[in-house]
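**Q** fold the following.
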Amino acid sequence: MVAKTTQKKVDPKKAAKLKGKTAKKKWSKGKVKEKVAKAVVFTQAEYDNMLKDVAGYKLITPSVVSDRLKITGSLARRAIADLEASGTIRPLSTHHSQLIYTRVN
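**A** Numbers count the residues shown, from 1 in each chain. This next block holds a predicted model:
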């Protein structure tokens, strides 16, 4: 014969208190994007690379140039102004907050 297991009877008031308590949520630290070391000035090799590469982009904005060439935004704006002055790229929209250019065919 199998022995019956006995269950402890819990006081209903204690059971109600235990029912409402749950473990507190532990918040994650979140994902941290690692810092990228961006160039502040061009070396001659980087400048030549920029002249060659950026002229082939279909969409040219300071953020695209900054991201692809790993340079700061202010340097990207200067580079775009230089390319526009030389006639390598042409403006599509020059709003004060976002400059959009494209290549010259």
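**Q** where do the strands sit along the protein?
**A** Assigned strands in the chain, in chain order: 89-94, 99-103 (criterion: DSSP state E).
**Q** which residues touch Thr72?
**A** Contact analysis of Thr72 by C-beta atoms under 8 Å, 6 or more residues apart in numbering lists Lys38, Ala39, Val40, Ser66. To be clear about C-beta, it is placed using only N, CA and C from the backbone, and glycine gets the same treatment.
**Q** mind redoing it with 6 Å?
**A** Lys38, Val40 (C-beta atoms under 6 Å, 6 or more residues apart in numbering).
**Q** from Val65, how far off is it?
**A** Distance check for Thr72 against Val65: by C-beta to C-beta, to the nearest Å, it reads 10 Å.
**Q** same check on Lys25?
**A** For Lys25, the distance to Val65 - C-beta to C-beta - is 42 Å.
**Q** same deal with Ile100?
**A** Taking C-beta to C-beta, one finds Ile100 at 12 Å from Val65.
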